[in-house]
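J.: Give me coordinates for this.
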Amino acid sequence: MNKYKVRLRSLPSFREEVLCMMGCPIHTDAGMYVQSVPKNAYEEGYLIARSPNPFASVCGRVCAAPCEDACRKGKVNIGEPITIRSLKKFLGERYGAESKQPDTQDKLLTGFVPTSHGWDMDAPLLSKQKKKNKKVAVIGAGVGGLACAHDLALRGYSVTVFEASDTAGGMVRFGIPRYRLPNYVLEKEIQKIVDLGVEIKYKTPITQAFGINELKKQGYESIFIAVGAQSGRSLDIEGSDLSGAIKAIEYLVSGNKGLKYNLGKRVVVIGGGLVALDAARDALRTLMENVQKERTIPTAEESEAAEQRIFETLDVARAALRAGAIEVNVVSLESMDQMPAARSIQGKAELIETKDEGIIFSPSWGPKRIIGENGKVKAVEFKKVVSVFDEQGRFNPTFDETVTKTFEADSVIMAIGQAIDLSFLKGDEKIDISPRRTIKIDVSTLATTAEGIYAGGDAAFGPRNLIDAIADGKKAAAAIDGYLSKKTRQTAYHVNVETLPVEEYKMPENYDVYPREIPPQLEPERRIGLQEVEQSYTETEAHVQGARCLQCHTSPVYNSDLCILCGRCSDICPEDCFSFVPLEEVDISDEDKKNIYNNLGYRENEPVTVLLKDDEKCIRCGLCAHICPTGAMTMERIIVKEEPVHAGQY
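T.: Numbers count the residues shown, from 1 in each chain. So this is what the prediction gives:
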């Protein structure tokens, strides 16, 4: 007989039902800030989003949003995931560092505790701690390094960030086009970190001449290595060294530094990830700007119709795109469904935006050679892909060499991966390197093989999402604090349970009907230059999207003492969440089964009926509680906060 696989409810299990929070690498309580929007509680919502995340406003624009991929709304039969990222942007525009009330987040430094603060380790960070006489160095001023510096500064440490370039932000600044993330948003959030007392030493690269050992000699008792993957990978094919063959990362970094490549009229982008899409969209803007420059635009003094002429040149650029005079073609090994960019909700949205802008996609082709003429790119020859993955699901592409296709091109942008530059390590630091050419770490603490030295982000894991890098920075800060304070971390659960009156309980009207709607987008005809493509929700639009939330903090709670086994809850449930089954049909340990008998006061092996609930399906409609004749089923809002408790010495 097949037995039911179950999980007995516990305090952590209630927390794990909030799928968006558990899907976020820093456990931002997305559900709570989403629910704040239709209540007009914008400030509270922003503080919930900001409390675990020093880059909440940046994430509101460019986060990969694993919370949306985890969202229960996308797993049940009543709609698509909540637009969590865009609602965070909506809140940040009102109370974030980039808003007209940029100091709102300072409330978190004075002991203000929002409804939920997300990240397990942030409880001690809700107010700034007493200054400690200890120095910590951070290598790299990307978001991972700065997140670490932020948390360490709040813990009272003196933190210095060593940055090779003349600006902070790392690959978030240099690798993401400005039409997705305006510079001022990143700069405002970086300044808030600097205001905590963090020092950033610009144009101070860590090298073999001035490296880890030299930092130790300067009195830094712990070091976090957070260098980013700022080197692109090249294709190992004929012609990859031709003029016009460019690595995507170098192309994007150069563009964000104000340096422009002469791309010609036709560009082929090789790759299927988000970097490929960013490179393609940026390349298209460059081609269209070049078309505009070919027309003379009079000044306002020369013509009252100057503004109209500017729009005319936009139309000319779009006409050139439609006529094929300019062209950007993204060619990938994978099919459209298999493309790395298509593996997340946000990636799929960016694919749609890229297509809307007129970029061509040619899936299931692998590069064979780049054809040149007079030392410059002239075309790219591809071979047909038979399969990308083998029977074990491993990346192992196979090709039909007899089927080829050639695309004319003036430039080729190769978006096939990124590499980490660890040349600053001399070898005497006792830091081991993994076979993947990343720094070897203990994944639970990010500690390297050298005492007191930690690594995260790209340096430890390879190319990493923005929110993963932030999580690494926070994890490293907590580990460094434990190392320097000689205290180990234990966990305490703080639980707030609110029983909601059944007669008053109801979900927002049409919460199961409203469709997912992303914010308005700049019309494709006007997407040129640095103007931000994603616009903002109106309040009405934001309220509708926030009201779609299933409010996973609220859950039906069952009291077996009051149950008469009438089965009404099971009968009325629209998602078939409930099942009454004999205990012997449930697959649980003998110890758990014994505890159930003891709690009921039954002898072992007496007939017992248990109620099983499929949490994945539950839409929090409350019908089970409404129909229960005895009050055995109630709706309760349960917020479980996992907070650190330092105890004892190492």
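J.: Strands along the stretch 101-250 of the chain, start to end?
T.: With DSSP state E, counting those that start in this stretch, the ranges of strands along the stretch 101-250 of the chain come out as 135-139, 158-162, 199-201, 220-225, 231-232, 245-247.
J.: Ok, which of those strands comes nearest Leu109?
T.: With CB to CB as the measure, strand 158-162 is the member of the strands of the stretch 101-250 of the chain nearest Leu109 (15.9 Å). Bear in mind the C-beta positions are built from the backbone N, C-alpha and C, glycine included.
J.: and the angle from that closest one to strand 220-225?
T.: For strand 158-162 and strand 220-225, the angle between their directions (axes from the mean of the first three to the mean of the last three CA atoms, to 10 degrees) works out to 40 degrees.
J.: and strand 158-162, which strands flank it?
T.: The pairing partners recorded for strand 158-162 under DSSP bridges are strand 135-139 (parallel), strand 199-201 (parallel).
J.: Is it possible to get JSON lines of the strands of the stretch 101-250 of the chain that adds mean neighbour count, mean pLDDT and distance to Lys384?
T.: Formatted as JSON lines, the entries for the strands of the stretch 101-250 of the chain read as follows, by neighbours: other CB atoms under 10 Å; pLDDT from 0 to 100; distance: least, CB to CB, whole Å:
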{"stretch": "strand 135-139", "mean neighbour count": "25", "mean pLDDT": "98", "distance to Lys384": "45"}
{"stretch": "strand 158-162", "mean neighbour count": "23", "mean pLDDT": "97", "distance to Lys384": "48"}
{"stretch": "strand 199-201", "mean neighbour count": "15", "mean pLDDT": "98", "distance to Lys384": "50"}
{"stretch": "strand 220-225", "mean neighbour count": "24", "mean pLDDT": "98", "distance to Lys384": "43"}
{"stretch": "strand 231-232", "mean neighbour count": "18", "mean pLDDT": "86", "distance to Lys384": "26"}
{"stretch": "strand 245-247", "mean neighbour count": "23", "mean pLDDT": "94", "distance to Lys384": "22"}
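J.: Need those in TSV (columns: distance to Pro363).
T.: TSV is the format used below for those (distance: least, CB to CB, whole Å):
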stretch	distance to Pro363
strand 135-139	39
strand 158-162	41
strand 199-201	42
strand 220-225	37
strand 231-232	22
strand 245-247	21
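J.: of all the strands paired with strand 158-162, which lies closest to Gly211?
T.: Nearest of the strands paired with strand 158-162 (CB to CB): strand 135-139, 9.3 Å.
J.: Turn the strands paired with strand 158-162 into CSV, columns for distance to Lys383.
T.: Written out in CSV, the entries for these read as follows (distance: least, CB to CB, whole Å):
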stretch, distance to Lys383
strand 135-139, 42
strand 199-201, 47
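J.: Of all these, which one is nearest Cys628?
T.: Comparing the strands paired with strand 158-162 against Cys628 with CB to CB, the closest turns out to be strand 135-139 (54.9 Å).
J.: export that closest one as PDB, just CAs?
T.: The C-alpha coordinates for strand 135-139 follow below in PDB (Å, rounded to 0.1, in the frame of the first residue of the first chain):
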ATOM      1  CA  LYS A 135      39.100  46.500  11.800                       C
ATOM      2  CA  VAL A 136      37.700  44.500   8.900                       C
ATOM      3  CA  ALA A 137      38.700  44.800   5.300                       C
ATOM      4  CA  VAL A 138      36.400  44.100   2.300                       C
ATOM      5  CA  ILE A 139      37.900  43.600  -1.100                       C
END
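J.: Residues touching stretch 247-264, excluding its own?
T.: Residues lying outside stretch 247-264 but in contact with it, judged by CB atoms under 8 Å, 6 or more residues apart in numbering, are 173-178, 229-234, 244, 246, 269, 271, 275-276, 278-279, 282-283, 286-287, 290, 409-411, 413-416, 418.
J.: Poorly predicted segments of the chain, please.
T.: Across the chain, the stretches falling below the confidence threshold (pLDDT under 70) are 1-12, 115-128, 292-325, 489-493, 525-529, 641-650.
J.: just to revisit the earlier point, going by neighbour count, which of the contacts of stretch 247-264 are buried?
T.: For the contacts of stretch 247-264, a neighbour count by 16 or more other CB atoms under 10 Å gives the buried set as 173-178, 229-230, 232-234, 244, 246, 269, 271, 275-276, 278-279, 282-283, 286-287, 290, 409-411, 413-416, 418.
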